[in-house]
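Enquirer: Quick one: sequence plus predicted model below, questions after.
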Amino acid sequence: MQEVRTRFPPSPTGYLHIGGARTALFNWLFARHHKGKFILRIEDTDVARSSKEALEGILEGLRWLGIDWDEGPYFQSQRIGIYGEYADRLLRTGKAYWCHCTPEDLEERRKLALARGDKPKYNGRCRDLNLERAHNAVIRFRSPLSGKTVVEDLIKGSVSFDNEELDDLIILRSDGYPTYNFAVVVDDITMNITHVIRGDDHLNNTPRQILIYEALGFPTPKFAHVPMILGSDRTRLSKRHGATSVLAYKEMGYVPQAMINYLVRLGWSYGDQEIFSMDEMIDKFSLDNIGKSSGIFNPQKLLWLNSHYIKEGSPYHLAKELLPFLRKKGYPVEDLNYVTKVVMTLQTRSKTLVDMANAAEFYFKEEITFEKKAAKRFLSPEMREVFQMLINGLHGLYPFDKVMAEKVFRDIQTKTNLSMTAFAQGVRVALTGTTVSPGLFEVMEVLGKERVLHRLEKAIEYIEAGD
RNA sequence: GGUCCCAUCGUCUAGAGGUCUAGGACAUCGGCCUCUCACGCCGAAAACACGGGUUCGAGUCCCGUUGGGACCGCCA
């Protein structure tokens, strides 16, 4: 059995978007599942639109997701000679020809055809003129005028195209650079790609590519066209539908496992299973379980998965991921141990790392400020004495942990006959400044005796000042 | 306009002719739990686009209609 080789060929003209990431993931999973190779190829033949920044972003996105590659990145811009050779071969065998038509000319004819309601195909003006190479000339592929080309697709099944629908596409531009349909074929041939897994927006290109394979005398790889991801209005996913850049989600506090898990289940399924580890995905992934219909990107489910992975994740690992978000808020924390404990109290309460960083603020502030409404309601005069009792009770406590703290707290509560809610909320506001926080006793334990006592004292001062 | 693809709850999907009074998940709405907020647990509402066939029997096969999408560049 031949080694499976798949590839992901982004064009460095923009960021890594959701759809591209899923395509990369499917290719990667397929290669990993079959113990094959996953190749990264940069399709940068559009010199004007390609940029280094876009390339960096794409690579960063892939790395963040944990999609690694075995070969590459190869750059098409560094392989110009190869495309030239293959184009020559077609020229020599009469499968391609020089065309002198100007872009302006073509544009005009295209408009005319469209206006007439015709398919805007190249009319073959230079096809049989036997022209020579010339300045600004391009090479066109001599596409058969009749017959059918059938794509045996692993997902869509057998799809048939009439060759007369296809026209003589340009394979080498006047600047000597190859065009997409030609470059992919030459690359996939020379890189020994066995399976081409890509969006079904490419299905219409496939017969042209198959014809080029045939003209060149090479067997075609297996094709698998996966349905596209659409926006909520069922049109091609774009910025209009919200963030579509993978890295944007990183910045919004999403963890990579959530994104990966979301992506893999969009279009692919394994029975009723929703949660997959990377290893499970690799183990279970198969083209057979990919659906045929397009899917709609659903940010809410992504968010749910994110909260799931935050809930289930290792606190230490999450703490490390949280650091940049804390830093961004002005807390350049060093003590990873402390952050880990903080994370443990926040895992079930945060859907994103941004949420978590926000909710964690009170753990890192030197002096907390009381939310006005909360203070008015819960830092009432009668709490002054209660806080003092609590201070006295906690003062000599050892060890200072949540079990011990709760005992002290309960004692005072029964003694004073205060309602649990009033007491707890009062202390909560004193310690965190707000009415919403993790469980009171875990907060005390994480904060530590010193901070707790200090904050209670500050709360007493606040109440006294208000009298 | 032409070509191609697609069609199960709002969304992602399970379903490979009888086990479907159509299952799961997200979201939504109730309830329970509770020191707040969450988590969790329990429950509810919610779909086979339509019309013809084939078959003893169709969500599942075929055809058509409708609807949606993609592609038609010296972009990828």
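Expert: Received the coordinates, thanks. Given the structure is predicted, the values throughout are model-derived calculations rather than measurements.
Enquirer: Got the confidence number for the residue nearest the centre of chain A?
Expert: With distances taken as Cα atoms, centre = their mean, A:Val246 lies nearest the centre of chain A, 3.2 Å away. At A:Val246, the model reports a pLDDT of 96.
Enquirer: so how far is A:His308 from the residue lying closest to it once chain neighbours are set aside?
Expert: Spatial nearest neighbour of A:Val246, chain neighbours left out: A:Gly61 (4.2 Å); criterion: Cβ to Cβ, 6 or more residues apart in numbering. C-beta here means a position set from N, CA and C on the backbone, and glycine is covered the same way. Separation of A:Gly61 from A:His308 (Cβ to Cβ, to the nearest Å): 22 Å.
Enquirer: same question, A:Gln2
Expert: Separation of A:Gln2 from A:His308 (Cβ to Cβ): 38 Å.
Enquirer: what about the two, which has more around it?
Expert: A:His308 (17 against 7; other Cβ atoms under 10 Å).
Enquirer: any idea how far the more buried one is from A:Ile275?
Expert: 7 Å.
Enquirer: residue ranges of the strands in the stretch 51-200 of chain A, please?
Expert: All strands of the stretch 51-200 of chain A, identified by DSSP state E, counting those that start in this stretch, fall at A:71-75, A:96-99, A:138-141, A:148-153, A:157-162, A:170-172, A:195-199.
Enquirer: hang on, isn't A:Thr432 packed against A:Ile368?
Expert: Yes - look at A:Thr432 against A:Ile368 with Cβ atoms under 8 Å: they come within range, at 6.7 Å.
Enquirer: which residues do the two both contact?
Expert: A:Phe362 (Cβ atoms under 8 Å, 6 or more residues apart in numbering).
Enquirer: A:Ala87: neighbour count?
Expert: 20.
Enquirer: Tell me the buried residues in the worst-scoring helix or strand of chain A on mean pLDDT?
Expert: Ranked by mean pLDDT, DSSP states H and E, the weakest helix or strand in chain A is helix A:103-116, scoring a mean of 82. Buried residues in helix A:103-116, defined by neighbour count with 16 or more other Cβ atoms under 10 Å: A:Leu106, A:Arg109.
Enquirer: could you dump that helix to PDB, C-alpha only?
Expert: Output in PDB follows, covering the C-alpha atoms of helix A:103-116 (Å, rounded to 0.1, in the frame of the first residue of the first chain):
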ATOM      1  CA  PRO A 103      -6.300  41.000 -21.000                       C
ATOM      2  CA  GLU A 104      -8.400  44.000 -22.200                       C
ATOM      3  CA  ASP A 105      -9.600  42.000 -25.200                       C
ATOM      4  CA  LEU A 106     -10.600  39.100 -23.000                       C
ATOM      5  CA  GLU A 107     -12.300  41.300 -20.500                       C
ATOM      6  CA  GLU A 108     -14.400  42.800 -23.200                       C
ATOM      7  CA  ARG A 109     -15.400  39.500 -24.800                       C
ATOM      8  CA  ARG A 110     -16.200  38.200 -21.300                       C
ATOM      9  CA  LYS A 111     -18.500  41.100 -20.600                       C
ATOM     10  CA  LEU A 112     -20.200  40.700 -24.000                       C
ATOM     11  CA  ALA A 113     -20.800  37.000 -23.400                       C
ATOM     12  CA  LEU A 114     -22.200  37.700 -20.000                       C
ATOM     13  CA  ALA A 115     -24.500  40.400 -21.300                       C
ATOM     14  CA  ARG A 116     -25.800  38.000 -23.900                       C
END
